[in-house]
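Engineer: no sequence on this one, just coordinates:
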């Protein structure tokens, strides 16, 4: 590994100027909210079940994860969707 001479090392913090929008990244071109994702069915809110498992913050799953690991298959009498959410959260 090549080391830099001491004169190239600047230990002073550098202030990064913000743009006119008050951000380092620029203006937002498009925003898709969680509320929209739930309404569209892209995300599933499993917060109530997660709360029963001891998780105290909102929990959402993508539709693909929910369908693959939580949703009940037809005739799945020996399992419950509630139990599948708990199992997928790492709590049993």
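Structural biologist: Done, it's in. It should be emphasised that the depicted structure is a prediction, and the values quoted were computed from it without experimental measurement.
Engineer: low pLDDT regions in this structure?
Structural biologist: Flagging of the chain using pLDDT under 70 yields the residue ranges 1-14, 16-26, 75-92.
Engineer: In it, what residue spans correspond to strands?
Structural biologist: All strands of the chain, identified by DSSP state E, fall at 43-45, 60-62.
Engineer: residues near residue 44, how many?
Structural biologist: By other C-beta atoms under 10 Å, 19 other residues sit near residue 44. Glycine gets a C-beta too; all of them are placed from N, C-alpha and C.
Engineer: How about residue 61?
Structural biologist: Applying other C-beta under 10 Å, we find 19 residues neighbouring residue 61.
Engineer: about what we covered before: would you format the strands of the chain as CSV with distance to residue 69 included?
Structural biologist: Shown next, in CSV, are these (distance: least, C-beta to C-beta, whole Å):
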stretch, distance to residue 69
strand 43-45, 11
strand 60-62, 8
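Engineer: quick one: which of those is nearest residue 29?
Structural biologist: strand 43-45 (21.2 Å; C-beta to C-beta).
Engineer: Give me the helices and strands touching that closest one, please.
Structural biologist: Strand 43-45 sits against helix 34-40, strand 60-62, helix 63-69, with contacts defined as 3 or more C-beta pairs under 8 Å, 6 or more residues apart in numbering; DSSP states H and E.
Engineer: Of these, which is nearest residue 52?
Structural biologist: The minimum distance between residue 52 and these falls on strand 60-62, with 15.6 Å, by C-beta to C-beta.
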